[in-house]
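Engineer: let's see this in three dimensions:
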Amino acid sequence: MERKKIAVLIGSARKESFSRKVARTLMSVAPDSLEMVIVEVDQIPFYNQDLEDAGATPPAWLVLREQVRACDGLLFVTPEYNRGLPAMLKNAVDVGSRPPGKSVWSGKPAAVVSISPGPLGGFGANHSLRQSLVSLNVPCMQQPEAYLGNVAGMFDAGGNMTADSTREFLTKFAASFARWVERQTA
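Structural biologist: I've put the predicted structure just below:
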């Protein structure tokens, strides 16, 4: 089986965010068939078509587009902000979908993991992102779904996951995602 390169997009800019810790955990438990690389989205200027129309496309937009274009699949790990998707992650989705007809997302298999320090596990962010992905022709893994609530108590001081049941779930999730990517890219 050919190793598949996966862009991991994290919806939080905080260096020690729970989203980043969950993403690192997923990367550590992923099958060898996946090469997971974090694509940073926190410094991308907000999308404004006037810039592209004027031939002044920000370099960060071009970098994001190239990094995603070079990948076989997508893994989104995001917190929920006010029952929705963080602006920086939605902006990355918008930037990658432009210019019209040249979306870097189209056809790439994806999965979404949402997290929350509260009990709901980022349900709103998860479904908000999935809604955008549908319109971009991104086949998103349906099962297992991943809503991780109460994440604040799942890590030690070094950022390592201490919740064995969640690590086990993420291991199964990553294996399912690997199979999903393989089927979608065969």
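
Engineer: can you map out the helices along this structure?
Structural biologist: Secondary structure of the chain (DSSP state H): helices located at 18-29, 49-53, 59-69, 87-96, 123-135, 164-185.

Engineer: residues in contact with the last one?
Structural biologist: Among residues not part of helix 164-185, those counted as contacts by C-beta atoms under 8 Å, 6 or more residues apart in numbering are 1, 4, 6, 22, 25-26, 29-31, 33-34, 72-73, 75, 109, 111, 113, 139, 141, 143-144, 146, 148, 154, 161. (C-beta placed from N, C-alpha, C; glycine too.)

Engineer: for the most centrally placed residue in the chain, list each beta-bridge partner.
Structural biologist: Centroid-nearest residue in the chain, with C-alpha atoms, centre = their mean: residue 76, separated by 1.3 Å. Residue 76 has these beta-bridge partners by DSSP bridges: residue 9, residue 112.

Engineer: which one in this structure is furthest away from the centre?
Structural biologist: residue 54 (30.2 Å).

Engineer: confidence score at that residue?
Structural biologist: Note on residue 54: pLDDT of 97.

Engineer: list the residues that contact it.
Structural biologist: With C-beta under 8 Å, 6+ apart, residue 54 has no contacts at all.

Engineer: could you list the low-confidence segments of the protein?
Structural biologist: For the chain, the stretches with pLDDT under 70 are 1.

Engineer: just give me the neighbour total for the residue found closest to residue 44 once you drop the neighbours it is linked to in the chain.
Structural biologist: Excluding its sequence neighbours, the residue lying closest to residue 44 (C-beta to C-beta, 6 or more residues apart in numbering) is residue 60, at 4.8 Å. Residue 60 is flanked by 15 other residues according to other C-beta atoms under 10 Å.
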